[in-house]
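[1] my questions are about this predicted structure, shown below with the sequence.
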Amino acid sequence: MPGLGRRRRAAHRAALAGAALALLALLPGAPLPAPARAEPLAVTARPVPLNPDAPHQDRLGPLLWRGGVQLRAEDTRFGGLSGLAFAGGGGRIAAISDRGFWLTGRLVRDRAGHLTGLDGVEMGRLRGPDGRALPSNHVRDAESLARLPDGDWLVGFERVNRILRYPGARGGLAGIPVAMEAPAELAGAPANFGLESLAVLADGRLLALAEGQDHPAGGLMAWLGHGLATRTALPLPLPLPPPLPPPRPGSAIAAPVRAAPGASPEAAAPWRAFAYTPGFWFQPTDAASLPDGGALVLERRFTLLTGLQARLALLPAAALAQPADRRSPIEIARFAAPLTLDNFEGLAVEPLPGGRLRILIVSDDNYRRSLQRTLLLMFETEGPLGP
């Protein structure tokens with residue numbers, strides 16, 4: 001194709017420039033770039049019922065309805081929300097989009113405690129370890145968001161499958177991340193079916209789920225591990241950036257740091273793969289940890305027979321505590337017509353007094369506002385979830 005060689009050379013030069021910036025940042029005494037400036041965002045909210053055909057419905061299985069809204073903004077960067085997490089007390093939340101933006105805000109509730117909107121919203125671009133904004137949709141496809149106990153943020157990316165750790169003490173999601181070790185098997189994930197869900201469990205381990213990467217024994221690829229080792233820093237030569245295929249193992253983005261001599265087996269292999277069995281034709285889109293050591297998983301499916309559906313499924317603490325080659329979650333709630341429903345992709349859980357839980361679900365409108373919506377739904381439970 002005419003001009004392809006020139007585009008490849010230009011892309012390679014851009015990658016080398018990024019490598020130089022990152023390497024300079026690693027030198028002793030090299031100043032780190034300041035966190036990116038957060039930009040305020042005006043967001044409007046319109047209330048939505050749980051069931052438009054039965055507006056008084058206030059329960060879905062063990063979930064108590066606590067309100068929902070459709071969010072809109074004139075800013076064209078808003079939308080595509082695919083990862084969600086609570087960001088400390090006071091109803092603060094954080095989200096990321098599959099075009100590489102982060103967003104924070106505060107839940108607004110009425111006197112009855114029902115969700116009515118989102119205020120104090122700010123947004124900005126996610127940056128890479130070189131301090132620059134992620135350069136293209138191919139590498140900025142952020143799909144999962146989780147917060148570590150120390151306040152740092154983990155962001156999981158699809159397509160170029162990787163995990164970046166953003167420092168809570170220096171800018172948070174606006175700061176400069178470091179690359180973490182991701183499961184090695186993700187190197188073989190299909191282009192848009194890789195790392196989709198990431199959760200920090202109560203015991204500190206990480207749970208990672210692939211959206212559509214098949215496990216050899218059936219089900220989908222999933223992993224448990226610590227995954228908090230940093231990756232090697234930009235070995236040369238660098239792979240060409242998109243639109244070329246994702247980096248191969250051994251490249252700057254994909255290569256894990258090697259365990260030191262005498263390191264424990266866990267350090268040498270920080271992730272343990274297992275088969276995750278979703279509901280029939282369902283795929284996981286997000287996961288959130290539970291205080292008892294379990295996890296809640298959000299799944300979605302679309303078929304000509306069923307139409308669009310979603311479900312919440314429980315991975316009990318006991319199932320995650322014991323070694324296993326396969327884990328199958330337990331469905332606790334299903335979303336199907338005529339319930340309010342869209343492309344649910346983000347899930348967050350917050351502990352409440354008495355063992356109760358607050359659960360948030362957000363939908364990804366795929367930046368197609370005329371066809372899809374950004375919904376934010378809130379539920380509570382009367383106590384802990386259990387089989």
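    Perfect, I can see it now.
[2] where do the strands sit along the stretch 1-150 of the chain?
    For the stretch 1-150 of the chain, the strands defined by DSSP state E, counting those that start in this stretch cover 39-40, 44-48, 59-60, 63-72, 81-86, 92-97, 101-109, 115-125, 142-147.
[3] can I get these in CSV with mean neighbour count and distance to A217?
    Any C-beta I mention is one placed from the backbone N, CA and C, and that applies to glycine too. Shown next, in CSV, are those (neighbours: other CB atoms under 10 Å; distance: least, CB to CB, whole Å):
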stretch, mean neighbour count, distance to A217
strand 39-40, 11, 47
strand 44-48, 14, 41
strand 59-60, 14, 33
strand 63-72, 20, 32
strand 81-86, 25, 28
strand 92-97, 24, 31
strand 101-109, 21, 36
strand 115-125, 19, 40
strand 142-147, 26, 24
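[4] let me know the average pLDDT across the host helix or strand of E331.
    Assigned by DSSP states H and E, E331 belongs to strand 330-335. With pLDDT averaged residue by residue, strand 330-335 scores 98.
[5] coming back round to it: right, so of the strands of the stretch 1-150 of the chain, which gets closest to R311?
    With CB to CB, the closest approach to R311 among the strands of the stretch 1-150 of the chain belongs to strand 59-60: 10.5 Å.
[6] what lies in contact with the closest one?
    50, 65, 333, 335, 339, 379 (CB atoms under 8 Å, 6 or more residues apart in numbering).
[7] buried subset of those, written for PyMOL?
    Buried subset of the contacts of strand 59-60, written as a PyMOL selection, criterion 16 or more other CB atoms under 10 Å:
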select buried, resi 50+65+333+335+339+379
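[8] what's G172 sitting at in phi/psi?
    phi 60, psi -130 (degrees, to the nearest 10).
[9] quick one: low-confidence ranges for the stretch 101-250 of the chain?
    Where the stretch 101-250 of the chain drops to pLDDT under 70, the residues are 229-250.
[10] show the residue spans covered by the helices in it.
    With helices called from DSSP state H, counting those that start in this stretch, the stretch 101-250 of the chain shows none.
[11] ok so, going back, make JSON lines out of the strands of the stretch 1-150 of the chain and add distance to E185.
    Converted to JSON lines, the strands of the stretch 1-150 of the chain look like this (distance: least, CB to CB, whole Å):
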{"stretch": "strand 39-40", "distance to E185": "37"}
{"stretch": "strand 44-48", "distance to E185": "39"}
{"stretch": "strand 59-60", "distance to E185": "35"}
{"stretch": "strand 63-72", "distance to E185": "33"}
{"stretch": "strand 81-86", "distance to E185": "21"}
{"stretch": "strand 92-97", "distance to E185": "23"}
{"stretch": "strand 101-109", "distance to E185": "27"}
{"stretch": "strand 115-125", "distance to E185": "29"}
{"stretch": "strand 142-147", "distance to E185": "16"}
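[12] among these, which is nearest P384?
    strand 63-72 (13.2 Å).
[13] between strand 330-335 and that closest one, find me the angle.
    Interaxial angle, strand 63-72 versus strand 330-335 (axes from the mean of the first three to the mean of the last three CA atoms, to 10 degrees): 50 degrees.
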